[in-house]
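In: sequence and predicted structure below; questions after.
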Amino acid sequence: MSSILVVGAGELGTAVLRALALSPKRPQATQITVLLRPETFASPNPAKKQNIDEIQSLGVKIQSGDFIAASVSDLAAILQPFDIVIQCAGYGMPKDTQVKVTQAALQAKVPRFFPWQFGLDFDQIPETSYGGMFDDNKLVRKLLREQHDIDWTVVSTGLFMSYLFLPSFGVVDAKKRVVRALGSWENKTTVTLPEDIGKMVAEVVYAPSKEGSDHMVYLSGDTITYSRLADLVEKHFDVKFTRELWTIPKLEDDLEKDPSNLWKKYRVVFATGHGVFWGKEESFNVKREISLTSVPNYLERNSEMIENLE
């Protein structure tokens, strides 16, 4: 029997759990477990309680463990019984969390490990750039490449597609009828929905490539320029949007005035373009002929929600 541990059940972790549990390619004897921090169980938040109920309804076993507070050795003991470990706790985690989880997976000699790399292609980001914001992500890759004890898979997804339409990120503000380009109108960004990431993680887990390990997997629901995005938004809502270009100097100046603001940090990253896009035609999903949600698809399915975001 194969055993899979998913660490964390936020937006991405829940999508991965759902896809693993419901995949038609799942071997019958596969046991799926999720590792949740103790405070998740104690939370009075109705959304978290509903999330736990859904996880249990999928037949997923829930294990309690504080992967943030635990030492490397204690965490290794938690990971050791599992054949596959998928680290889905990423955003908002303290510095060094991803390195510690990776070190624990190496110490436990987990046969197959998926680190938290669901985002940019960190190989393309210069060392110590952006104030060292991605140094831990780069170190995770270095640790995995330097060893030969465990198999590993990095899944690069680009930006979560929904973030393009969050007014707080600043690219599309549908309510105010504004669309902005970060750096240049011809800059590209790769975007993928968390639900689609879950679907493709299940594909990599249950149907790995015949030629061997899938160390580097690139997904793309869409790879799009800001100019094309503006055209799509105007066409969908059938109204003219104000187009604003946020230049790199302007974004860097914004960040300098508010250096702890995460959105402002990411705007600079996406404006400079390091590791934020790759060709959709080269993606794992296209090679497998698996259809994922494109930006036009997302607009069509979420029109009312997008228009009411604040």
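Out: Alright, I've got the coordinates.

In: which SS state does the residue lying closest to Tyr130 once chain neighbours are set aside fall under?
Out: Distances taken as Cβ to Cβ, 6 or more residues apart in numbering place Val269 nearest to Tyr130, at 5.9 Å, with adjacent residues excluded. In short, each C-beta sits where N, CA and C put it, glycine included. Classification of Val269 using DSSP: H, G, I helix; E, B strand; the rest coil returns helix.

In: any idea how far Glu256 lies from Leu219?
Out: 33 Å (Cβ to Cβ, to the nearest Å).

In: more neighbours, the two?
Out: Of the pair Glu256 and Leu219, Leu219 is the one with more neighbours under other Cβ atoms under 10 Å, namely 28 against 10.

In: any buried residues in stretch 200-211, and which?
Out: Neighbour-count burial for stretch 200-211, counted by 16 or more other Cβ atoms under 10 Å, picks out 200-206.

In: would you list those residues in TSV and tack on secondary structure, distance to Ala230 and pLDDT?
Out: Listed next are those as TSV, based on DSSP: H, G, I helix; E, B strand; the rest coil; distance: Cβ to Cβ, whole Å; pLDDT from 0 to 100:
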residue	secondary structure	distance to Ala230	pLDDT
Met200	helix	28	98
Val201	helix	31	98
Ala202	helix	34	98
Glu203	helix	32	97
Val204	helix	33	96
Val205	helix	37	96
Tyr206	helix	39	95
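
In: looking at these, which is nearest Thr190?
Out: Thr190 has its nearest neighbour among the buried residues of stretch 200-211 in Met200, at 13.2 Å by Cβ to Cβ.

In: my read: that closest one touches Tyr218, true?
Out: No - the criterion here is Cβ atoms under 8 Å, and Met200 misses it with Tyr218 at 10.1 Å.

In: joint contacts of these two?
Out: Contact criterion Cβ atoms under 8 Å, 6 or more residues apart in numbering; residues shared by Met200 and Tyr218: Phe284.

In: hey, C-alpha coordinates of stretch 74-91 in PDB?
Out: Provided in PDB are the C-alpha atoms of stretch 74-91 (Å, rounded to 0.1, in the frame of the first residue of the first chain):
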ATOM      1  CA  ASP A  74      10.900  15.600  15.300                       C
ATOM      2  CA  LEU A  75       9.500  16.500  11.900                       C
ATOM      3  CA  ALA A  76      11.600  13.800  10.300                       C
ATOM      4  CA  ALA A  77      10.000  11.300  12.600                       C
ATOM      5  CA  ILE A  78       6.500  12.500  11.500                       C
ATOM      6  CA  LEU A  79       7.500  12.200   7.800                       C
ATOM      7  CA  GLN A  80       9.400   8.900   7.900                       C
ATOM      8  CA  PRO A  81       6.400   6.500   7.600                       C
ATOM      9  CA  PHE A  82       5.200   7.900   4.300                       C
ATOM     10  CA  ASP A  83       6.100   7.000   0.800                       C
ATOM     11  CA  ILE A  84       5.300  10.400  -0.700                       C
ATOM     12  CA  VAL A  85       5.400  13.800   1.100                       C
ATOM     13  CA  ILE A  86       3.900  16.900  -0.500                       C
ATOM     14  CA  GLN A  87       4.600  20.200   1.200                       C
ATOM     15  CA  CYS A  88       1.700  22.500   0.600                       C
ATOM     16  CA  ALA A  89       2.100  25.000   3.500                       C
ATOM     17  CA  GLY A  90       3.900  27.900   1.900                       C
ATOM     18  CA  TYR A  91       2.400  31.400   2.000                       C
END
